[in-house]
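*Asks:* everything below, folded, please.
(one chain, ligands or ions: 2)
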Amino acid sequence: MKIALLGGGGFRTPYVYHGLLGSRITTDELVLHDLEPQRLDRIARVLRGMARERGSEIPFATTTDLEQAVEGADVVLCAVRPGGLRGRAADERIPIRFGVLGQETVGPGGICYALRTIPVLMRMAEVVARRAPRAWFINFTNPVGMVTEALWPALGDRLIGICDGPSVLFHHVARTLERPVDGLWFDYFGLNHLGWLQSVRGEDEDLLPGLLADQERLETVPEGRMFDGDWLRTLGMIPNQYLYYYYSAPESVAATLEAGQTRGEYLLQQQTGFYQQCPEDSCEALGGWQATARQREETYMQDALVLHAPNGDACPVPVMGQVGGYEAVALAVIEALAMNSRAIMVLNVANRSSLPFLDPQAVVEVPCIVGAAGVVPIAIGEVPGHARALIEIVKEVERTTIRAALTNSRPLAVQAIADHPVVPSVAVASQIFAAYLEAIPELRERFA
Ligand code: G6P
Ligand code: MN
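*Replies:* Numbers count the residues shown, from 1 in each chain. Ligands and ions are numbered 1, 2, ... in the order given. Alright, predicted model coming up:
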């Protein structure tokens, strides 16, 4: 099988390579595509170190030519970041100046990221549709929900949006319940970065009410300590980590102000340091990457975890990593497609009628059956009213954002921001958008 990884110079590429090295599928050809050759070079050194450490390798090529990268590919993995971490830093910092949530994918930050990203991805998707019409297009590019929905008309059901959040949550819950994750049924529904786990079934009973009732055990689930325990018992569900940014938006702003740095600003500094190193020795190249990755994982969503930890202690339970995040989901999807295993995974696909209150084309994040014929979402049915209401408004915001991105419409961009639940007024929305235009020249040109 030929696999093309778009954004191959990205920091998470070694996770995918590691997954491929341990996978049952045979990779005949792996091509890493990126716009920046220096980034490809830095990552290539890490992969060589990984192959050397493992004593086995998957040969790979690097290129800056998109057409060549995707030509005849069976699988295209897409994990790009138009505007880089500098763009992310602006997306997150500007709303904070107005006292509004500043986050990569939620609120104004996610909308601005989507406005920058969707046109770029539409052009990439067009190349893939032409040069690799049979390829599965697996999208990691954030905001995954909006990007996947925007690309759906171009790629149809060869397109799959993925996020590690739900499966990481399931692993955390299974670990606390001391049950193998594969033996449990996780009744999870929502949109990307906006979902809830509403029951966990073993052979017979629902294990979630017992877990919610036991505060001490609940706090061993990282998602269980991001939220107030009584609130979780009121909901009767465990939300996706990203609900923190809806339920505690002002607290998140306060935490960012106290830290003096947004996540994007922190990563910009950390990653610039990493890409500046270019060790000759491949083991050293791998070591540098591993140390940076560990640091990145350990600081992930610290604001949310520290806030709700007992005694204000930092959370000793890692949120990501270890339990198989990014690489595990990507590899599981590729294997299920290639081996027709009909595995069940939470993915982003067109709704059909999984969430009956949304139309069939709306991209949702729900458990799906994955096999050689593609990805079919399972029926969820009705959900609690508060979740439905939030999903409906955010889906509306997503669609307004997509229309704004495709037509370069200023009023639609302001409306998308104003309609978002974390934004307090139309005036603030319009000031935030004006500040984005001032800070980001590429956006200014398009929305002139
Ligand atoms: C999780 C989310 C991704 C997001 C990432 C951010 O993995 O599912 O969608 O991009 O966290 O992590 P970072 O280290 O970049 O803050
Ligand atoms: Mn995600």
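*Asks:* distance from the chain centre to stretch 434-446, please.
*Replies:* 25 Å (C-alpha atoms, centre = their mean, to the nearest Å).
*Asks:* alpha carbons of that stretch, as PDB, please.
*Replies:* Taking Å, rounded to 0.1, in the frame of the first residue of the first chain, the C-alpha atoms of stretch 434-446 are listed here in PDB:
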ATOM      1  CA  ALA A 434     -11.000  43.200  13.200                       C
ATOM      2  CA  ALA A 435      -8.000  42.300  15.400                       C
ATOM      3  CA  TYR A 436      -7.500  39.100  13.500                       C
ATOM      4  CA  LEU A 437      -7.400  41.000  10.200                       C
ATOM      5  CA  GLU A 438      -4.900  43.400  11.600                       C
ATOM      6  CA  ALA A 439      -2.600  40.600  12.900                       C
ATOM      7  CA  ILE A 440      -2.800  38.100  10.000                       C
ATOM      8  CA  PRO A 441      -1.900  39.600   6.600                       C
ATOM      9  CA  GLU A 442      -3.100  36.600   4.700                       C
ATOM     10  CA  LEU A 443      -6.500  37.000   6.200                       C
ATOM     11  CA  ARG A 444      -6.500  40.700   5.600                       C
ATOM     12  CA  GLU A 445      -5.900  40.300   1.900                       C
ATOM     13  CA  ARG A 446      -8.600  37.700   1.500                       C
END
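*Asks:* can you list contacts of that stretch?
*Replies:* With C-beta atoms under 8 Å, 6 or more residues apart in numbering as the test, stretch 434-446 has contacts from 83, 87, 90-91, 94, 97-98, 108, 112, 115-116, 119, 408, 447. Where C-beta positions appear, they are placed from N, C-alpha and C, glycine not excepted.
*Asks:* now these as JSON lines including secondary structure and pLDDT?
*Replies:* Formatted as JSON lines, the contacts of stretch 434-446 follow (DSSP: H, G, I helix; E, B strand; the rest coil; pLDDT from 0 to 100):
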{"residue": "83", "secondary structure": "coil", "pLDDT": "97"}
{"residue": "87", "secondary structure": "helix", "pLDDT": "98"}
{"residue": "90", "secondary structure": "helix", "pLDDT": "98"}
{"residue": "91", "secondary structure": "helix", "pLDDT": "98"}
{"residue": "94", "secondary structure": "helix", "pLDDT": "98"}
{"residue": "97", "secondary structure": "helix", "pLDDT": "98"}
{"residue": "98", "secondary structure": "coil", "pLDDT": "98"}
{"residue": "108", "secondary structure": "helix", "pLDDT": "99"}
{"residue": "112", "secondary structure": "helix", "pLDDT": "98"}
{"residue": "115", "secondary structure": "helix", "pLDDT": "98"}
{"residue": "116", "secondary structure": "helix", "pLDDT": "98"}
{"residue": "119", "secondary structure": "helix", "pLDDT": "98"}
{"residue": "408", "secondary structure": "coil", "pLDDT": "98"}
{"residue": "447", "secondary structure": "coil", "pLDDT": "97"}
